[in-house]
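**Q** From the sequence below, what's the structure:
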Amino acid sequence: MQNMKLLNALKALGVEYSNDEFRSIFHDVDDDENGVIDIDEFLRLVESIDDVSDLESSQE
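**A** Residues are numbered from 1 along each chain as shown. All right, here's what the predicted structure looks like:
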């Protein structure tokens, strides 16, 4: 369920990932490795995104 919330949040930012890419991002962001992205982890992810278009172009 938590995975879907993060996936939906990223989609709302206009970014879509393959399942493998999403898993990698999820594990990179889940600092305490509890399988849940808490608000602090989510905010660090969002703060690390300088420009959504950079992320979209990196997917090509």
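
**Q** Okay, and the nearest residue to F22 once chain neighbours are set aside sits in which element?
**A** If the residues on either side of it in the chain are set aside, F22 comes closest to L7, at 6.1 Å by C-beta to C-beta, 6 or more residues apart in numbering. To be clear about C-beta, it is placed using only N, CA and C from the backbone, and glycine gets the same treatment. Per DSSP states H and E, L7 falls inside helix 2-12.

**Q** Equivalent analysis for V15, please.
**A** Per DSSP H and E, there is no helix or strand for V15.

**Q** what's the pLDDT at it?
**A** Looking at V15, its pLDDT stands at 76.

**Q** Quick check: end-to-end length of stretch 3-23?
**A** 9 Å (C-alpha to C-alpha, to the nearest Å).

**Q** about what we covered before: look up how far S18 lies from the residue nearest to F22.
**A** L7 sits 11 Å away from S18, going by C-beta to C-beta, to the nearest Å.

**Q** between these two, who's got more neighbours?
**A** Under the criterion of other C-beta atoms under 10 Å, the comparison of L7 against S18 puts L7 first, with 17 against 9.

**Q** what ranges of this protein fall below the confidence cut-off?
**A** 1-2, 50-60 (pLDDT under 70).

**Q** What segments of it are helices?
**A** 2-12, 19-29, 39-48, 52-58 (DSSP state H).

**Q** list the buried ones in the second one?
**A** Going back to what we said before, that points to helix 19-29. F22, I25, F26, V29 (16 or more other C-beta atoms under 10 Å).

**Q** Residues in contact with it: which ones?
**A** The contact list for helix 19-29, computed with C-beta atoms under 8 Å, 6 or more residues apart in numbering, reads N3, L6, L7, L10, Y17, E33, I37, E41, F42, R44, L45, Q59.

**Q** Give the buried subset of those as a ChimeraX selection command.
**A** In ChimeraX syntax, the buried subset of those is picked out as below (16+ other C-beta under 10 Å):
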select :6,7,10,17,37,41,45
